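Trainee: Need coordinates for the below:
(chains A, B, C and D)
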Number of protein chains: 2
Amino acid sequence: MKGYLWTGGDPGSQKTVAPPENGRLAPWEAIAVEAVGNVIEFWGFKRNQGRVWGLLYLRGEPLTAGEIERELDLSKGGVSMLLRDLEHWGVVQRVRVPQDTVWRYAAETDLVRMVTHVVEEREAAFVTRIRADLAEARRLAEGAGGVQAEKLRRLERMAVLADHVERALRLFIKTSRLDVGGVLGAFRDGALSRGKAER
Amino acid sequence: MKGYLWTGGDPGSQKTVAPPENGRLAPWEAIAVEAVGNVIEFWGFKRNQGRVWGLLYLRGEPLTAGEIERELDLSKGGVSMLLRDLEHWGVVQRVRVPQDTVWRYAAETDLVRMVTHVVEEREAAFVTRIRADLAEARRLAEGAGGVQAEKLRRLERMAVLADHVERALRLFIKTSRLDVGGVLGAFRDGALSRGKAER
DNA sequence: CATATAGTTCAAGACCGCGTGAACTGCACC
DNA sequence: GGTGCAGTTCACGCGGTCTTGAACTATATG
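Mentor: Sure thing, here's the model as predicted:
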C-alpha cells in the first residue's frame, strides 16, 4: 500500500482529510483501468502506462497531470515520466485548453498501433541479433577443426528455426495490424460521436 | 564406484582435477547456447531454461545433471529445477542408459511447440480474465445510474478491441505452429535418426 | 522582483524474481 | 548398516526494475 502519502506537503489549507486517493475513481472505472494496465503489462510495458492511457481513454476528455496523479494514486514524478513515454509513442496527446495555463493530456485511439509498433521494433532488433550470433557461432565452429558435421547441422537447424520464428512473428504483426487496425479505423471515422461502427 | 569420475563416456584414468569449470564449453557452443537463452527469455521464460535446452540440443547425446551444471556453470539445485520444468513441458526427456545408474537428459526437438503451447495457455487464461473484467465493469457501469452513454460506448469499444487482439493472437499461434512445425517435421525425418535411441 | 504552481529529473529505496547453497531424501553398492 | 553420490527442496541474498520524493527549472501572476 501506498500508506500516507502527501504528508510532506499540504499544510493546513486542505482540510479534507478525505479518504485519500482513488476515491474519485468509480468502481467500474477502476476495473476497466486495471484491465488495460494488465494488458499493457502483458505486452512488456509498464503497468502504469496502461492505467494512465486507460483512464484518459475512458474519460474521453483531456485530464491534467494532477488529476491523473490523484485518480490513479501515483506520484507526481511518476506521472510525468509515464506521460512522457506515452506521448513519445504517440498514444497520448498534450493539448492546451484555450485560456488555461496547464497542459492536459488526451488519449489517442491507436494503442494497438503503438503496441504492434514497439513490439515490432523490439523484435526486429532482437531477431537480427540472434541471427548474427548463430552465424558467428557457425563461423567459429567451422574455423575450429574437429567439429563433427553432425553438430554443424544442428547449428544450422537452429538458424533455420530462428528464421521461421521470425517469419511467423512478422506475419502475426501484420495480421494483427490489419485486423485490429481495421476495426480501429472504423471507430476513428464516426465513432466518437456515432455508435459502434460494425464491420 | 568410480571414485572421482566425471567423465561421461570412458571410465578410467581421467580422475583428476576439475579444471575450473565452464572451460569445457567451446566458444561457438557458448555463443549458440547464449542465443537460445536469449530467445527463450524473450518469450517470457527463464534464460537458463533456454541455455540448458540449447546445450542438450547441440550436444545431441543425453547429458547428466552434473555435466550440465559444469558446462553452464549453474548450481546443482538450479539444474534440478530447470530440468524439472523442461521435462514437465516435454522438451527434455529423462533417459536411463542401460548399465549406468544416473539419469541423463536429452533435448526434444519441439522447443517451438512448447513455446507456442505455453504461450497459448498463458494467453488464453489471460484474455479470458480481461474479457471478464471488462464485462464486469460494464455491468457495474450500467447498474450505477448516471453514467453517460458515451462512456458506456467506450467501454464496449475496449471489449471489442480485446476480442480482436485475441483473434490475432490465436491466428499467430496457429500459423506459427504450422509454419515452424512443418519445418521441424522435415528435420525430424532424416536428422535425428539416432538421437532417439532410448525411449 | 517575489511568489506560487506546473512540470522534470534523478538518487534512494521498495519490490520481486531468480539462482545459490545447504540441508534433506533416496538409492546403490560395499 | 554405513558410505557416497544423485537428485530435490527451500530460505536467503543478490541484482535488476519501478516508484517515490525532493530538489530543481520554467512559467505565469501580482
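Trainee: Mind checking if whichever helix or strand A:R113 is part of is in reach of DNA strand D?
Mentor: Element membership for A:R113, per DSSP states H and E: helix A:111-143. No - against DNA strand D, helix A:111-143 shows no contacts by C-beta under 7 Å from any atom of the strand, the least distance being 13.1 Å. All C-beta spots, glycine's among them, are computed from the backbone N, C-alpha and C.
Trainee: buried residues in that helix?
Mentor: Buried residues in helix A:111-143, counted by 16 or more other C-beta atoms under 10 Å in any protein chain shown: A:111-117, A:119-120, A:123, A:127, A:130, A:133-134, A:137-138, A:140-141.
Trainee: restrict those residues to contacts with chain B.
Mentor: Filtering the buried residues of helix A:111-143 for proximity to chain B by C-beta under 8 Å from any C-beta of the partner chain leaves A:L111, A:V112, A:I130, A:D133, A:L134, A:A137, A:R138, A:L140, A:A141.
Trainee: State the distance from the third one to B:K46.
Mentor: So the one you mean is A:I130. A:I130 sits at a distance of 17 Å from B:K46 (criterion: C-beta to C-beta, to the nearest Å).
Trainee: quick one on the thing from earlier: mind giving me the packing neighbours of the helix holding A:R113?
Mentor: On a contact count with 3 or more C-beta pairs under 8 Å, 6 or more residues apart in numbering or on different chains; DSSP states H and E, helix A:111-143 meets helix A:149-190, helix B:27-42, helix B:149-190.
Trainee: any idea of the mean pLDDT in the last one?
Mentor: When pLDDT is averaged along helix B:149-190, the result is 66.
Trainee: So A:W53 sits against A:D110, correct?
Mentor: No - taking C-beta atoms under 8 Å as the definition, A:W53 is not a contact partner of A:D110, at 10.7 Å.
Trainee: Of the two, which one has the most company?
Mentor: Between A:W53 and A:D110, counting by other C-beta atoms under 10 Å in any protein chain shown, A:W53 is the more crowded of the two (26 against 19).
Trainee: in which helix or strand would I find the more buried one?
Mentor: If you go by DSSP H and E, A:W53 is part of helix A:47-59.
Trainee: Check the secondary structure at the residue in chain A sticking out farthest from the centre for me.
Mentor: Distance to the chain centre peaks in chain A at A:G146, reaching 48.6 Å (criterion: C-alpha atoms, centre = their mean). What DSSP: H, G, I helix; E, B strand; the rest coil gives for A:G146 is coil.
Trainee: Could you report the pLDDT at it?
Mentor: A:G146 is assigned 77 on the pLDDT scale.
Trainee: I'd like to know the phi and psi angles of it, please.
Mentor: Backbone geometry at A:G146, expressed as degrees, to the nearest 10, gives phi 70, psi 10.
Trainee: and the residue in chain A that DNA strand C sits nearest to, how far is that from B:R113?
Mentor: In chain A, the residue that lies nearest DNA strand C is A:G77 (2.6 Å; C-beta to the nearest atom of the strand). Distance of A:G77 to B:R113, computed by C-beta to C-beta: 45 Å.
Trainee: Same question for A:V95.
Mentor: 48 Å.
Trainee: for A:V115, same thing?
Mentor: Using C-beta to C-beta, A:V115 is found at 26 Å from B:R113.
Trainee: again with A:A149
Mentor: Taking C-beta to C-beta, one finds A:A149 at 27 Å from B:R113.
Trainee: Quick one: residues contacting the closest residue to A:L83 other than its chain neighbours.
Mentor: With sequence-adjacent residues excluded and distances taken as C-beta to C-beta, 6 or more residues apart in numbering or on different chains, A:L83 is closest to A:Y105, at 5.8 Å. Contact analysis of A:Y105 by C-beta atoms under 8 Å, 6 or more residues apart in numbering or on different chains lists A:56, A:62-65, A:68, A:83, A:86-87, A:92-95.
Trainee: Count the neighbours of the residue of chain A closest to DNA strand C for me.
Mentor: Residues near A:G77, counting by other C-beta under 10 Å: 9.
Trainee: need the contact list for the closest residue to A:A35 other than its chain neighbours.
Mentor: Leaving aside its sequence neighbours, A:A35 sits nearest to B:D133 (C-beta to C-beta, 6+ apart; 4.2 Å). By C-beta under 8 Å, 6+ apart, B:D133 lies in contact with A:I31, A:A32, A:E34, A:A35, A:N38.
Trainee: hmm, try it at 10 Å
Mentor: Going by C-beta atoms under 10 Å, 6 or more residues apart in numbering or on different chains, B:D133 touches A:I31, A:A32, A:E34, A:A35, A:V36, A:N38, A:V39, B:M158, B:A159, B:A162.
Trainee: The fourth one: neighbour count?
Mentor: The one in question is A:A35. The number of residues packed near A:A35 is 25, by other C-beta under 10 Å.
Trainee: That one contacts B:E136, doesn't it?
Mentor: Yes - counting by C-beta atoms under 10 Å, A:A35 touches B:E136, with 9.1 Å between them.
Trainee: domain assignment for chain A?
Mentor: A:21-107, A:111-190 (automatic domain parsing).
Trainee: Stretch A:63-80 and DNA strand D, are they touching?
Mentor: Yes - counting by C-beta under 7 Å from any atom of the strand, DNA strand D has neighbours in stretch A:63-80: A:D73, A:L74, A:S75, A:K76, A:G77, A:G78.
Trainee: In three-state terms, label the second one for me.
Mentor: Just to be clear, that refers to A:L74. Secondary structure assignment for A:L74 (three-state DSSP): coil.
Trainee: What is the burial count for it?
Mentor: As a burial measure, A:L74 scores 22 neighbours (other C-beta under 10 Å).
Trainee: quick one: contacts for the nearest residue to it once chain neighbours are set aside?
Mentor: With C-beta to C-beta, 6+ apart as the criterion, A:L74 has its nearest non-adjacent residue at 6.4 Å, and that residue is A:N48. Neighbour list for A:N48: A:G37, A:I40, A:E41, A:I68, A:L72, A:L74, A:G78, A:V79, A:M81, A:L82, A:D85 [criterion: C-beta under 10 Å, 6+ apart].
Trainee: Using a markdown table, please lay out the residues you listed together with pLDDT.
Mentor: Shown next, in a markdown table, are the contacts of A:N48 (pLDDT from 0 to 100):
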| residue | pLDDT |
| --- | --- |
| A:G37 | 92 |
| A:I40 | 88 |
| A:E41 | 89 |
| A:I68 | 95 |
| A:L72 | 95 |
| A:L74 | 95 |
| A:G78 | 96 |
| A:V79 | 97 |
| A:M81 | 97 |
| A:L82 | 97 |
| A:D85 | 94 |
